[in-house]
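A.B. asks: missing the sequence, but the structure's below:
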């Protein structure tokens, strides 16, 4: 599944806020192509970047690790729920990190905060 990251750029004279680019990585190789071949997709991404104030969008098939975006393992507190579902509460402020249900694929945060489970069952 593609990931979206922010890569901060060095500030220049006249920048009102820190400049950045959006980085989308882990994109299926067939979806990463030249600008001329996929002009509508490139135009869409350029529009998204402009609306967010980004200087541009970089798309990669490979995993791109941005050191400034890395979180130390000590910042994560594992949470294990009774039914075997798990998640993480980020840091000491209780921010919940969402989990993707392996049954229905829905991204939810309430598994961690309340222990509720997905009622979807694809085996039926």
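C.D. replies: Great, that's in hand. What you are looking at is a predicted structure, and each value in this text was computed from that prediction instead of being measured.

A.B. asks: Confirm for me that residue 52 is in contact with residue 22.
C.D. replies: Yes - counting by C-beta atoms under 8 Å, residue 52 does reach residue 22; the two are 7.1 Å apart. Yep, even glycine has a C-beta here, placed from its N, CA and C like the rest.

A.B. asks: Compare the two (neighbour count), which wins?
C.D. replies: Neighbour totals were compared for residue 52 and residue 22, and residue 22 leads with 18 against 11 (other C-beta atoms under 10 Å).

A.B. asks: quick one: secondary structure of the more buried one?
C.D. replies: strand (DSSP: H, G, I helix; E, B strand; the rest coil).

A.B. asks: mind giving me the domain split of the protein?
C.D. replies: Here the domain assignment for the chain is 3-68, 71-114, based on automatic domain parsing.

A.B. asks: Out of those, name the one with the poorest average pLDDT.
C.D. replies: The minimum mean pLDDT among the domains of the chain belongs to domain 71-114 (a mean of 51).

A.B. asks: Contacts only, for residue 22.
C.D. replies: By C-beta atoms under 8 Å, 6 or more residues apart in numbering, the residues touching residue 22 are 4, 5, 6, 7, 45, 48, 49, 52, 54, 56, 57, 58.

A.B. asks: Check which element follows the longest helix seen in the chain along the chain.
C.D. replies: In the chain, assigned by DSSP state H, the helix with the most residues is helix 39-52. Using DSSP states H and E, the helix or strand that follows helix 39-52 towards the C-terminus is strand 57-59.

A.B. asks: who touches that following strand?
C.D. replies: 7, 21-25, 27, 32, 45-46, 48-49, 64.

A.B. asks: partners of it, with directions?
C.D. replies: Note on strand 57-59: by DSSP bridges, its sheet partners are strand 20-25 (parallel).
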